[in-house]
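Colleague: Mind looking at a prediction? Sequence and model below.
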Number of protein chains: 2
Amino acid sequence: MTETHVPIPTLERLAIYLRVLLDAHEAGIQTLSSQEIEQHSGISAAQFRKDLSYFGEFGKPGVGYSVPGLIQCIERILRLDAEQPILLVGAGNIGSALVGYPNFQAHRLRIAAVFDNNFVKIGRPFGELVIQDIARIKEVNADIGARIGIIAVPAHAAQEVADLLVEAGVTGILNFAPTILRVPKHVHVRNVSFLQELAVLSYHATEDALCVNGQVTRGGKDGI
Amino acid sequence: MTETHVPIPTLERLAIYLRVLLDAHEAGIQTLSSQEIEQHSGISAAQFRKDLSYFGEFGKPGVGYSVPGLIQCIERILRLDAEQPILLVGAGNIGSALVGYPNFQAHRLRIAAVFDNNFVKIGRPFGELVIQDIARIKEVNADIGARIGIIAVPAHAAQEVADLLVEAGVTGILNFAPTILRVPKHVHVRNVSFLQELAVLSYHATEDALCVNGQVTRGGKDGI
DNA sequence: GCGAGATTGTGAACCGTTTCACAAATCGCG
DNA sequence: CGCGATTTGTGAAACGGTTCACAATCTCGC
């Protein structure tokens, strides 16, 4: 375990392992081998061990991993051992789904404030929160100290919101708007695009041979 | 361009290019070079050209790519040239956000039916649709012929829904439930996990040195 | 028609992640 | 205690995707 850069895929899988471990813990299981983790997660035992090796040694040869112990370690790695406050921008459909999402709690993720720019919505209740004016986001986050923001606004407003989030001190953005965000190097962005996901599925949906492109694309004098 | 396997990341990017092209088309732009695509998409020009090379030759050296022409080609590749009907299972918060999502239309993706198992919800309107009994999904899809399904139900029900979707003829599943789905080899699954995304951001949120694991994890006689 | 300039398509090099395979560690049982 | 069975942690090999670099192609203007 050399103190090196951790691959993003490893971090993504860490969250999966954590879920498996929490389920096992719920079921009263005390120990799990990498083999058993593979069974429950669909991720190979070797991959699991390699992923953990970026952070240290957590298992016992011949035995496996202590479920509660590993839960604690992964939570610490992912900074989910203390409550992680989150700013949500956009009180629309997606924002609504997020504040109502039941699984955040178990991971100590908490949407601590909701913002919108629509003055009709500002002041209204939203889940257990009240929608606040996006203009006040920096001021509000001075109290909250959130490092993570979620953008759930239309594409045309996303960049502006991103700028505001960064200014408010956020270093990680979960972006639901279908746009490329420009942010400073120290800010991490993760995009969630339903369209992208469905497009990939759409490609696989029909297994017909793809129409050959040569003719179609090289026909007319002005190209494709 | 050898008829080879297309990497998933390439398909994902294809959807991004399509969005950029549609925007450009909207703006009346007729031609775009890979360099300009890079500007708008954040994806390198070389990557763009390589991605397209899996499917044929779509550009003209010295000129670039015809915007309307390339839109048509990518739509055909992604099977978005004809309307792609989709089955949605789960009339909760996430399902609600999806039927209200405005961007599907431009990509010819249409949620053609909504299902739930809650008899209180069945028969109620949901967006422009009416919630139907999940028990009838196979029967209903015999008419619709959808190849794509979306799972927006709690984790404990997800596998059962997946089985029903497969039986109804679906070959691609977009899964919002935090579970590993077991499906036949010919079915493609894509998982969307808010928790996973936020966990990765959470890891980066604090740049403190990670607590060294040696002591913490190897202390007690029963390991971690 | 032809040369200058621009841009594509793609084999080859590169790089990071995944998989493999095995030495080292631990446990249980006689 | 010592041996066999089990499982970890990790270098090394294999793999797959990305980047590079350049020949081939095309346009434009003179």
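Modeller: Here it is on my side, so go on.
Colleague: pLDDT below threshold where in chain A?
Modeller: Chain A contains residues with pLDDT under 70 at A:1-4, A:207-224.
Colleague: for DNA strand C, what are the nearby residues on it?
Modeller: For chain A, the residues found near DNA strand C under the criterion C-beta under 7 Å from any atom of the strand are A:5, A:7-10, A:44, A:46-47, A:49-50, A:60-63. All C-beta spots, glycine's among them, are computed from the backbone N, C-alpha and C.
Colleague: Are we agreed that residue A:114 is in a helix?
Modeller: No - the assignment for residue A:114, made by DSSP: H, G, I helix; E, B strand; the rest coil, is strand rather than a helix.
Colleague: will you turn the residues of chain A next to DNA strand C into TSV that also has secondary structure and neighbour count?
Modeller: Converted to TSV, the residues of chain A next to DNA strand C look like this (DSSP: H, G, I helix; E, B strand; the rest coil; neighbours: other C-beta atoms under 10 Å in any protein chain shown):
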residue	secondary structure	neighbour count
A:5	coil	7
A:7	coil	12
A:8	helix	13
A:9	helix	11
A:10	helix	18
A:44	coil	13
A:46	helix	10
A:47	helix	16
A:49	helix	15
A:50	helix	14
A:60	strand	16
A:61	coil	6
A:62	coil	6
A:63	coil	12
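Colleague: Disregarding flanking residues, what is the spatial nearest neighbour of residue A:135?
Modeller: In space, not counting the residues next to it along the chain, residue A:135 is nearest to residue A:117; the distance is 7.7 Å by C-beta to C-beta, 6 or more residues apart in numbering or on different chains.
Colleague: and the two most separated of the residues of chain A next to DNA strand C?
Modeller: Of all pairs drawn from the residues of chain A next to DNA strand C, the one with the longest distance (C-beta to C-beta) is A:8 and A:62, at 31.9 Å.
Colleague: where exactly do the strands run in chain A?
Modeller: For chain A, applying DSSP state E gives strands covering A:31-32, A:65-66, A:84-89, A:109-116, A:125-126, A:129-133, A:148-151, A:172-175, A:188-191.
Colleague: Quick check: which of these has the most neighbours on average?
Modeller: When neighbours are counted by mean count of other C-beta atoms under 10 Å in any protein chain shown, the highest per-stretch mean among those falls to strand A:148-151, a mean of 28.
Colleague: Give me the residues contacting that one.
Modeller: A:84-90, A:95, A:98, A:111, A:158, A:161-162, A:165, A:168, A:170-177, A:181, B:198, B:201-202, B:205 (C-beta atoms under 8 Å, 6 or more residues apart in numbering or on different chains).
Colleague: now swap in stretch A:36-51 and tell me
Modeller: Residues outside stretch A:36-51 that contact it (C-beta under 8 Å, 6+ apart): A:10, A:13-14, A:16-17, A:20, A:23-24, A:33-35, A:59, A:64-65, B:180.
Colleague: Stretch A:130-144 too?
Modeller: With C-beta under 8 Å, 6+ apart as the contact definition, stretch A:130-144 has outside contacts at A:85, A:87, A:89, A:91, A:112-117, A:119, A:121-125, A:161, A:164-165, A:167-170.
Colleague: Ok, stretch A:156-172 next?
Modeller: For stretch A:156-172, using C-beta under 8 Å, 6+ apart, the contacting residues are A:87, A:89-90, A:117, A:134, A:137-138, A:140-141, A:145-149, A:151, A:153, A:173, A:175, A:177, A:179, A:181-184, A:186-190, B:201-202, B:204-205, B:207.
Colleague: Could you list the buried residues of that stretch?
Modeller: A:157-159, A:161-162, A:164-166, A:168-172 (16 or more other C-beta atoms under 10 Å in any protein chain shown).
Colleague: Equivalent analysis for stretch A:100-111, please.
Modeller: For stretch A:100-111, using 16+ other C-beta under 10 Å, the buried residues are A:100, A:101, A:104, A:107, A:108, A:109, A:111.
Colleague: what sits up against it?
Modeller: A:18, A:22, A:75, A:80-88, A:98-99, A:127, A:129, A:150, B:92-94, B:154-155, B:178, B:194-195, B:198-199, B:202.
Colleague: Repeat the analysis, applying 6 Å as the threshold.
Modeller: Applying C-beta atoms under 6 Å, 6 or more residues apart in numbering or on different chains, the external contacts of stretch A:100-111 come out as A:80, A:83, A:84, A:85, A:86, A:88, A:99, B:93, B:195, B:198.
Colleague: just curious, which of the residues you listed is nearest to residue B:29?
Modeller: Of the contacts of stretch A:100-111, the one sitting nearest to residue B:29 (C-beta to C-beta) turns out to be residue A:88, at 34.5 Å.
Colleague: surely that closest one meets residue A:113?
Modeller: No - proximity of residue A:88 to residue A:113 does not meet the contact threshold set by C-beta atoms under 6 Å, at 7.1 Å.
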